[in-house]
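Chemist: take this sequence and fold it.
(chains A and B)
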Number of protein chains: 2
Amino acid sequence: MNEDITIRKAEMKDLPAIYGLVHELAVYEKAPEALKIGIDDYLKAFKEGLIDSFVAEMSGNIVGITVFYMTFSTWRGKCLYLEDFYVQPSYRKYGIGQKLFDAYLDEAKKRGALQTKWQVLDWNEPALNFYKKNNAVIEKEWWNGKIFFD
Amino acid sequence: MNEDITIRKAEMKDLPAIYGLVHELAVYEKAPEALKIGIDDYLKAFKEGLIDSFVAEMSGNIVGITVFYMTFSTWRGKCLYLEDFYVQPSYRKYGIGQKLFDAYLDEAKKRGALQTKWQVLDWNEPALNFYKKNNAVIEKEWWNGKIFFD
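Modeler: Purely as a prediction, here's the structure:
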């Protein structure tokens, strides 16, 4: 199975598939109604360099994604932020998630980031186990504040 | 008091003062050892456009700051992320924090952001009260994951 998987940088043509997987992830995270924007917004953001992505491809199908962008921690410097990370359920257990995550970490190092950061829901045990296996620090004491303009 | 306060965009020359206030904030957040980088890293990040900032100035002294940058939520689009927000204790209760926060929200709207986001420590009651007064959504169910490369 593993030899059929290609991990590669996303191109414009992949954005509809990426959007589809972000939607699947939002459903898994019990918040499908939170996805307020459309594919056009993704195309625009990708063109402007606001987001970047790796995809996992099998037999021409995109079955997993990471979406990320550079931020800056005033404590630790350049940080590649992982906005989305998803592998379709039927394609799990083949190491695709690990390959995608490794590619993301490599990309962070290549770009001179000193850290990576993402968020995970407190009830998402499979994800938490994956991150613990990867020796990630999990911080539970920070809450998110948000103001929406719609 | 209020008429003596100027809220303005930060310039390169302000970065040492901004760095000093980020350090004060790290001490307040009980994590001074977490500040690993120096003023040079701030100068470089500011030049590269990785961070932007507003400062509150009184009689030539910078007594408050916001530090922010544009990110992208795959659920809601462009997001101006507030990395740091601090007013020196002896200058609080004059509305400087609200002026800084309003300038940040205005900047987000001007740049076409559809939301703003930041993080707050779960024990930081004064900050939480401030954000509630500003009708912010506070999310408690997301944990941070991090991997450091040092």
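
Chemist: any idea of the mean pLDDT in stretch A:127-142?
Modeler: Per-residue pLDDT values over stretch A:127-142 give a mean of 98.

Chemist: next, the distance between the ends of that stretch.
Modeler: 18 Å (CA to CA, to the nearest Å).

Chemist: swap in stretch A:104-116?
Modeler: 9 Å.

Chemist: contacts for that stretch next, please.
Modeler: The contact list for stretch A:104-116 (CB atoms under 8 Å, 6 or more residues apart in numbering or on different chains) reads A:52, A:54, A:66, A:68, A:70, A:73, A:76-82, A:85, B:36-37, B:146-150. In short, each C-beta sits where N, CA and C put it, glycine included.

Chemist: chain center to that stretch: distance?
Modeler: The gap between where stretch A:104-116 is centred and where its chain is centred comes out at 14 Å by CA atoms, centre = their mean, to the nearest Å.

Chemist: do stretch A:70-81 as well
Modeler: Counting by CA atoms, centre = their mean, stretch A:70-81 comes out at 16 Å from the chain centroid.

Chemist: now do stretch A:106-117
Modeler: Using CA atoms, centre = their mean, the offset of stretch A:106-117 from its chain centre is 14 Å.

Chemist: quick one, what contacts A:Gln88?
Modeler: Contacts of A:Gln88 (CB under 8 Å, 6+ apart): A:Leu21, A:Glu24, A:Val63, A:Gly64.

Chemist: next SSE after the helix or strand containing A:Phe101?
Modeler: Using DSSP states H and E, A:Phe101 sits in helix A:96-110. Downstream of helix A:96-110, the first helix or strand assigned by DSSP H and E is strand A:115-121.

Chemist: gap between that next one and the chain center?
Modeler: Mean C-alpha position of strand A:115-121 versus that of the full chain (CA atoms, centre = their mean) differs by 9 Å.

Chemist: pLDDT of it, averaged?
Modeler: 98.

Chemist: the strands in chain A, which residues?
Modeler: For chain A, the strands defined by DSSP state E occupy A:5-9, A:52-58, A:61-73, A:77-87, A:115-121, A:137-139, A:142-148.

Chemist: for the spatially closest residue to A:Glu141 that is not a sequence neighbour, give its distance to B:Leu25.
Modeler: Excluding the flanking residues, the one nearest A:Glu141 by CB to CB, 6 or more residues apart in numbering or on different chains is B:Asp122, at 5.2 Å. Separation of B:Asp122 from B:Leu25 (CB to CB, to the nearest Å) stands at 16 Å.

Chemist: try A:Glu24
Modeler: 38 Å.

Chemist: thinking again about what came up before, which one's more surrounded, B:Asp122 and B:Leu25?
Modeler: B:Leu25 (21 against 12; other CB atoms under 10 Å in any protein chain shown).
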